[in-house]
Every structure is written in structure tokens, then in C-alpha cells.
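Colleague: Here's a sequence, model it:
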Amino acid sequence: MPGTQKIVEPPALAESRLDSGAKISGKLHFEGPARIDGNIDGEIDGKEITIGESAVVTAQIRADSIAVCGKVKGEITATQRIEIRPTAEIIGKLTTPKLIVQDGAIFEGQCSMRHEAGGDHKVRAVS
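Modeller: Residues are numbered from 1 along each chain as shown. Just a heads-up that it's a prediction; the model follows:
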């Protein structure tokens, strides 16, 4: 039709996924949200990372926000928050200004609540 403008929307931010069949050893870096359901041995770096229920991860994980649903052994560092969901099993060290541990989650290790200027620093257990 004459005079009709076509609206072009910006592309949606794609989520990166490593499915349950994936086995990776090495360093991973994600620019956007990422979900890991496979077996990882190494280092993981990104902005928003979710470790899925079927994941088995032995790694150093660094991101702004991290949600764990699977098994992780290693050091997890978040600049904003770590959420440990009911199906999670973590052995290692956590460093984050905000920690949420849901009922049923397993955590064995050390936790450091690093205080950043102007932040809200709480540990909250959710049942």
C-alpha cells in the first residue's frame, strides 16, 4: 500500500544455550543471557548465567547474575546476585553481595558477602 511504513523492530537478545549433550573443557564467555545444561570443566564468564538442572559443572564462574539449578563444584562470583534453586547442589566458594537460597538446595562451602558502595546486602532463605 502506498504511504504504509514498515516497522522494523530491533532483534531480540538471543540466549545462548549449551544443551545436555554438550561436554566442554576450557574457557567460555557469553555476551548475553546464557543457559548451561551440559558438562563443563573450566571457566565461565558472562553477564547472566543459568546453570540448568541437568548441568554438571566444575568451573570458576563469574557473572553479574547467576542462577544455579544443577551441580556445580568450584568458585562462583557474582557482582549482583547468586540464586541457588531447590534442585541445586553446590560445593565451593560463593562471593556475591546478594544471596538467595531456596528450600531444598544443597550448599557446602564458603560464602563471602562482599560489600559494594551503596548496595543492598542480604542473605535470604526462601521456603
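
Colleague: Give me the helix or strand of this structure that scores worst on average pLDDT.
Modeller: strand 123-126 (a mean of 58; mean pLDDT, DSSP states H and E).

Colleague: Surely Pro97 and Ser65 touch.
Modeller: No - using CB atoms under 8 Å, Pro97 makes no contact with Ser65, being 11.2 Å away. From N, CA and C alone the C-beta is placed, and that goes for glycine too.

Colleague: So for these two, which residues contact both of them?
Modeller: 78, 80-81 (CB atoms under 8 Å, 6 or more residues apart in numbering).

Colleague: now, which of those residues sits nearest Asp37?
Modeller: Ala78 (19.6 Å; CB to CB).

Colleague: got a list of what the nearest residue to the closest one once chain neighbours are set aside touches?
Modeller: Using CB to CB, 6 or more residues apart in numbering and skipping the chain neighbours, the partner closest in space to Ala78 is Thr96 (4.2 Å). By CB under 8 Å, 6+ apart, the contact list for Thr96 reads 66, 76-82, 111-114.
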